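Chemist: Provide a 3D model corresponding to the input given below.
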Amino acid sequence: MSILDHLKAYISQLDLVKTTDKLLLAVSGGKDSMLMTKLFLDLGYTCQIAHCNFQLRDKESDLDEQLVRSYAQELGFPIHVKHFNTADYAEENKISIQMAARDLRYAWFEELRVSQNLDYIAIAQHQNDHLETVLLNLTRSTGLKGLLGIAPKRHTIIRPLLGFTADEVAEAVKELQVPYRDDQSNFSTKYARNKIRLDIIPKFKEIQPDFEQILKNNIQHFEDSYHFIQRIVDEKRITLFKQNGQTIHIAREELNPFIKDDYFLFELFKPFGFQKSILKEMAAVWDKPMGQVFEADQYEMLMDRDQLLLRPRANSKKCESIQITNLVDKYSCWVGTLSFQTNKDFVKSSNPNQVQVDAELIKLPLSLRTWEKGDWFIPLGMQGKKKISDFFIQQKVNRFEKEEVPILCNGEGEIIWIIGQRLDNRFKVTENTKKVLTLVFY
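Modeler: Now for the predicted structure:
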């Protein structure tokens, strides 16, 4: 099978792209990317070329650029070139040169893909890059997922040469007479990946000549194991996590069998960004639920008596107070809408979101806000004051709910109604009431 047929079969087998898709080819000038460019031309794809000049190798970087520009012109592909001040970017962001170059090129590739109305970005990494990535990840805390290596397709990124070894790439370049330039930095062992390729892998091959094929087989085993675990975790997450609006409810009793299983717990909450250390803190106080809140970058989780409540942290922002200047308009807040209706008679209702008050006691402007420290009211049917914080505790209103319960206040600051919870006794309808005002929240 020719390398062109091999590539065509690989693309079809993994459903990387369709023949009608338009591609952005990331071309450095090395063997791999120059070969990929030639192969996609021969397969008839509509392509554009993107070349990054990271300005790290002086004249060598410029010669790479010249070669890529020349080859793009020869093949008839439009080309985009960008010069990056990579060293300064690395210094400013306190990251390595390699990481800086990676961040810069992928961000620019995506900008180009969108602006040029292209479908995918093609990166020319081959099978040996795949194996080297797995070995490199063994030196990092990547977990089982890091042992899967490089994905052939992820979102808008495709890697069509992953089905080829470095030797196969080199042979095809020679056969098709594809021009290329070697990056001399690829032969320096000061970089970790090069050290793995030039020093570590040869040592393994001394022990096991078929090391690369064996590692490839093991990567497949790792991938099978990873997907099996994820399938089990996903099924359990569907069972345990009950969505209600933007808040997820998790019954503590149902989660209890897994609370000491650090690995399973981490996988369960991984989509929400909770670190293992945070989950261990939660497990340590599991038998003492006191309204503790555990935070990730984007989510927060409340440990309530019978359940965990998980929500986006954006929901925890304080709700803005709303001024009510008349009793004709409807007023919408963070959880619903308040409307008013004047009546002559009192009509008893069992709806907690509908109450009636003595209209003559209402003084505009009213305000609709959330609970504040020190708030108190006189609950309907009682004579003495009660702190709203104590009332919430008695009503088993959890911390997340407490932050969102709307409270209607009179023009002089007295609390009229904890909406959906309790009316203040001072504003109730009595036998002396001449005009009744109905408040409806929906």
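Chemist: got any ranges where the stretch 51-200 of the chain has weak pLDDT?
Modeler: Counting by pLDDT under 70, the stretch 51-200 of the chain shows no low-confidence range.
Chemist: which residues in it form helices?
Modeler: Along the stretch 51-200 of the chain, counting by DSSP state H, counting those that start in this stretch, helices occupy 59-75, 86-93, 97-115, 127-137, 166-176, 192-195.
Chemist: Could you dump these into TSV with mean neighbour count and distance to Gln341 added?
Modeler: Yep, even glycine has a C-beta here, placed from its N, CA and C like the rest. Listed next are those as TSV, based on neighbours: other Cβ atoms under 10 Å; distance: least, Cβ to Cβ, whole Å:
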stretch	mean neighbour count	distance to Gln341
helix 59-75	16	72
helix 86-93	14	59
helix 97-115	16	52
helix 127-137	20	65
helix 166-176	16	77
helix 192-195	15	72
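Chemist: Which of these sits closest to Ile250?
Modeler: helix 127-137 (31.4 Å; Cβ to Cβ).
Chemist: neighbouring contacts of the closest one?
Modeler: 146-150, 161-166, 192-193, 196-197, 200-201, 212, 215-216, 219 (Cβ atoms under 8 Å, 6 or more residues apart in numbering).
Chemist: Select only the buried ones of the residues you listed in PyMOL?
Modeler: Entered in PyMOL, the line below selects the buried ones among the contacts of helix 127-137, by 16 or more other Cβ atoms under 10 Å:
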select buried, resi 146+147+148+149+150+161+162+163+164+165+166+192+196+197+201+212+215+216+219
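Chemist: coming back round to it: would you turn the helices of the stretch 51-200 of the chain into CSV with distance to Val357?
Modeler: Output for the helices of the stretch 51-200 of the chain, formatted as CSV (distance: least, Cβ to Cβ, whole Å):
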stretch, distance to Val357
helix 59-75, 76
helix 86-93, 59
helix 97-115, 56
helix 127-137, 65
helix 166-176, 80
helix 192-195, 72
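Chemist: Among these, which comes closest to Phe272?
Modeler: helix 127-137 (23.4 Å).
Chemist: between the closest one and helix 166-176, how big is the angle?
Modeler: 150 degrees (axes from the mean of the first three to the mean of the last three Cα atoms, to 10 degrees).
Chemist: Give me the domain ranges for the chain.
Modeler: Under the assignment automatic domain parsing, the domains of the chain span 3-207, 222-315, 322-441.
Chemist: so how far does the first one reach from one end to the other?
Modeler: End-to-end distance for domain 3-207: 31 Å, by Cα to Cα, to the nearest Å.
Chemist: Repeat that for stretch 415-426.
Modeler: One end of stretch 415-426 sits 9 Å from the other (Cα to Cα).
Chemist: quick one, phi/psi of Val357?
Modeler: phi -130, psi 170 (degrees, to the nearest 10).
Chemist: Look up the residues forming beta bridges with it.
Modeler: Applying DSSP bridges to Val357 gives these bridge partners: Leu437.
Chemist: what about it, neighbour count?
Modeler: 24 (other Cβ atoms under 10 Å).
Chemist: Show me the longest helix that occurs in the chain.
Modeler: Criterion DSSP state H: the longest helix present in the chain is helix 211-240.
Chemist: Now for Ala283: which residues touch it?
Modeler: Counting by Cβ under 8 Å, 6+ apart, Ala283 has contacts Ile259, Lys260, Asp262, Leu265.
Chemist: Out of these, name the ones that lie in helices.
Modeler: Asp262, Leu265.
Chemist: Nearest to Glu91 among the contacts of Ala283?
Modeler: Nearest member of the contacts of Ala283 to Glu91, counting by Cβ to Cβ, is Asp262, at 37.7 Å.
Chemist: Met282 is in contact with the closest one, correct?
Modeler: No. With contact defined as Cβ atoms under 8 Å, Asp262 does not count as touching Met282 (11.1 Å).
Chemist: which of these two has more neighbours?
Modeler: Neighbours were counted for Asp262 and for Met282 using other Cβ under 10 Å; Met282 has more, 17 against 13.
Chemist: in terms of contact, does that one touch Ala296 like I think?
Modeler: No. Using Cβ under 8 Å, Met282 is not in contact with Ala296; the gap is 11.4 Å.
Chemist: Could you pick out the buried ones from the contacts of Ala283?
Modeler: Among the contacts of Ala283, those classed as buried by 16+ other Cβ under 10 Å are Ile259, Leu265.
Chemist: of all the contacts of Ala283, which two lie farthest apart?
Modeler: Top of the distance list for the contacts of Ala283 (Cβ to Cβ): Ile259 and Asp262, 9.6 Å.
Chemist: Let me see the contact set for Leu309.
Modeler: Taking Cβ under 8 Å, 6+ apart, one finds Thr247, Ile248, His249, Ile250, Met301, Leu302, Asn398, Phe400 in contact with Leu309.
Chemist: Mean confidence (pLDDT) on the stretch of helix or strand it belongs to, please.
Modeler: Secondary structure assignment for Leu309, by DSSP states H and E: strand 307-312. Mean pLDDT, strand 307-312: 96.
Chemist: Please apply the same query to stretch 376-393.
Modeler: The model assigns stretch 376-393 a mean pLDDT of 95.
Chemist: Quick check: Met34 is in a strand.
Modeler: No. Using DSSP: H, G, I helix; E, B strand; the rest coil, the assignment for Met34 is helix, not a strand.
Chemist: So it versus Leu23, what's the distance?
Modeler: The gap separating Met34 from Leu23 is 15 Å, by Cβ to Cβ, to the nearest Å.
Chemist: if we can go back for a sec, now the contacts of Leu309: which count as buried?
Modeler: Thr247, Ile248, His249, Ile250, Met301, Leu302, Asn398, Phe400.
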